[in-house]
Structures are given as structure tokens and as C-alpha cells.
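**Student:** Sequence first, then the predicted structure, then my questions.
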Amino acid sequence: MKISVIIPTYNRKKILKRCLETLFNQNFSKDDYQIVLVDNGSTDGTEKMIKKLSPPCDFLFLREERKGPHIARNLGIKHAKGEIIIFVDSDILTPPDFIKEHVKFHQIYGEKVIVSGPTVRTSNLMDDFSDIEKRKKEEKFFNLSGPSFITSNLSVRKKYLTKVGGFDEDFEGLGWHDWELGYRLTKIGLFAKRNVNAIVYHYKEKRDLSNLKELMKRRIERGKNAVLYYKKHPTLFVKLQIRAHQLLTDKFTWWLDTSSGDKILGWARENDKFLFNLLINLKLKRAYVKGLREGMKRHKVKIWPWMQV
């Protein structure tokens, strides 16, 4: 077995089914890849849906209590047969050449490469990737962020994941455990390369006031985990990576959490789409900063020396 695609999931039955359909439709030998699905305690009938599928490739379904996606991925790594592990999330849609493009870079750059690809948004669950060439060009020429360690689209050899002990299970919830793993992998000599052609589509419902509370909750979790990441690796590189400067700039957006801010947000929702999206982004940044502050108290870490814990 060459490849194991590991997917953690929680209560995403409808999206997960589409995610799996795109992975079943890969232009890659069905004998050479495996899908390892780890259900992190779903209660929406995910297991019943899985039993009705007819996977064309090797398929392993695992189930555990809800402990977090990184812990689910560790379970997947333990049971994976593949030499190369590809991580995706259960809301990711993969074009037909996805696995082939990951394998291609492993063949070109050798066994110590970590391969990442672009993750672009779509609100169309049945997206047929008709605009994929346009998306690739946009990523190639306008996204200068370089390779990442985001587990929505990442591959690395299993032996190195095992060598560093997999994902750090001290983290809770969402965020930064993938980057922390990437940091440890680079410490033992691995390096990252970005393959624009290994692009995936990330299904996201359009942001609105109805789902803003849940989005903010996730950002708070990310903020807390960012502090733990920095505590484990207290370097300037990590401080910049977790966007610690937002602790300083956040004081200029306090008004967003007032009744006046709510009124402006409501007006923008009905009258100005650009302003509405801008305000939503600022609200999410404030939620992230709230998580940073809570994380500093919890982990007794001063990201900036003059700030109280």
C-alpha cells in the first residue's frame, strides 16, 4: 500500500459523503491507496451512511469518543497501511488528480519532503471543479504564503510521523496542532514544498449572523492553542506565526462588541456585502485575541513581556 488518506470527522454526514465520493473518484490505482476514516463520536448517523457505501479502494472505518481531530488523526496513523500519509478534513472535496499530485512531489523531492497544496473555498457541495485551472492560476500568482502545515491538504511519510510521536495530544479543540507537528518535523530535517496542482476545495457555508457564534467559538479555541504552541516553542518565529501582534491592534476594534457595532453589522448585512464581510473578519479576529488572552492565563505565558497573565 503506497498511500493512506486519513480523515477525522464529527457530525458531517452529508458533507463527508461528498468528500468520500471525490476520493473514490481518484485517477490513481485503487490498489495503491487506502482511506482511513476516524469518526470522532458523531451522533448524526455517520456510521449508518458509511455502511451503505461501496468503496472501490481499501477502506477502514474507526470510531472513538470525541477527543479532537488531532487525536483522531493519531489513531488513523496507528492503523494506516500506507508509506505516505495524506491528511484531509471531512469537508474537503478532492479533484481527480489530487493523490497523483501528492505522490508526484514525493517522487521528485525524496522521502523527507512534506507536501502541501492550496485549499480554496466553495459553497457548492456538488462542485465539479470546472473552474480549477482558474483557481490554480490565482494560487500560483497571487498567493505568496508558501507551503503550510495545514492538515486539510498535507502529506508526509508515515515513518517520520511515528518518529516524532504524531500530533501532540496536549492540545484541545481546533487549531495549531498541525503547525506544531510541522515544526517538530522540520527540526528532524524534513522540508515543505507546495504543489499548486494538489489543490482541494474546502466546502464552507456562507458566513452570516446565524453561524457567527460558532465561528467565533472556533477562533477562541485557535487562540488558546496558539498560546500552547508558543509555550512549547517560545521562539520569535512562532510568535510571529501565531499573529501575536493582534494583541496590540485589537484595542482599535473594541467598538464592534457594543450595541452600536451590532447595529452597523446588521445594516451592512442588508446593504453592503463588502463592509459586512470586513466586519465579520474583524469580529473573528477579536475572538481569536480573546482566545490568546484566555490561553495566556491558562498556560501562564507572557507573549509580550509587559502584558499581565
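**Tutor:** Cool, the structure landed.

**Student:** going forward, measure contacts and count neighbours with C-alpha atoms only.
**Tutor:** OK.

**Student:** Low-confidence stretches in the stretch 201-309 of the chain?
**Tutor:** 309 (pLDDT under 70).

**Student:** For the longest helix anywhere in the chain, buried residues please.
**Tutor:** In the chain, with assignment by DSSP state H, the single longest helix is helix 273-299. Neighbour counts using 16 or more other C-alpha atoms under 10 Å place 276-277, 279-280, 283-296 of helix 273-299 among the buried residues.

**Student:** again, but for stretch 198-215
**Tutor:** By neighbour count on 16+ other C-alpha under 10 Å, the buried set for stretch 198-215 is A198, I199, V200, Y201, H202, Y203, L215.

**Student:** So what's the gap between it and the chain middle?
**Tutor:** 12 Å (C-alpha atoms, centre = their mean, to the nearest Å).

**Student:** Same check on stretch 221-238?
**Tutor:** In terms of C-alpha atoms, centre = their mean, the gap separating the centre of stretch 221-238 from the centre of its chain is 17 Å.

**Student:** all numbers from here: first residue = 253
**Tutor:** Done: numbering now begins at 253, and the last item shifts to stretch 473-490.

**Student:** can you give me the strands in the stretch 303-452 of the chain?
**Tutor:** Assigned by DSSP state E, counting those that start in this stretch, the stretch 303-452 of the chain shows strands spanning 310-315, 336-339, 344-345, 365-368, 371-374, 406-409, 443-446, 452-455.

**Student:** roughly how far apart are V490 and K411?
**Tutor:** Distance, V490 to K411, by C-alpha to C-alpha, to the nearest Å: 25 Å.

**Student:** so of the strands of the stretch 303-452 of the chain, which one's packed in deepest?
**Tutor:** Of all the strands of the stretch 303-452 of the chain, strand 344-345 carries the top mean neighbour count, a mean of 29, counting by mean count of other C-alpha atoms under 10 Å.

**Student:** Now do that strand: which elements does it pack against?
**Tutor:** helix 265-276, strand 452-455 (3 or more C-alpha pairs under 8 Å, 6 or more residues apart in numbering; DSSP states H and E).

**Student:** Now the helix or strand that the last one is followed by: buried residues?
**Tutor:** Translated: strand 452-455. Using DSSP states H and E, the helix or strand that directly follows strand 452-455 along the chain is helix 461-484. If you call a residue buried by 16+ other C-alpha under 10 Å, then helix 461-484 has these buried ones: 467-483.

**Student:** Pull the residues that contact helix 461-484.
**Tutor:** Residues outside helix 461-484 that contact it (C-alpha atoms under 8 Å, 6 or more residues apart in numbering): 423-429, 432, 490-491, 494, 532, 535-537, 539-548, 551, 553, 555.

**Student:** Let me know whether G297 touches R264 as I believe.
**Tutor:** No. Between G297 and R264 there is no contact under C-alpha atoms under 8 Å: 9.3 Å.

**Student:** what about these two, which has more around it?
**Tutor:** R264 (17 against 12; other C-alpha atoms under 10 Å).

**Student:** The more buried one touches S342, doesn't it?
**Tutor:** Yes. With contacts counted by C-alpha under 8 Å, R264 reaches S342, the gap being 7.1 Å.

**Student:** Tell me which residue of this structure is furthest from the middle?
**Tutor:** What lies farthest from the middle of the chain is S512; by C-alpha atoms, centre = their mean that is 33.6 Å.

**Student:** Right, I'll call it a day here.
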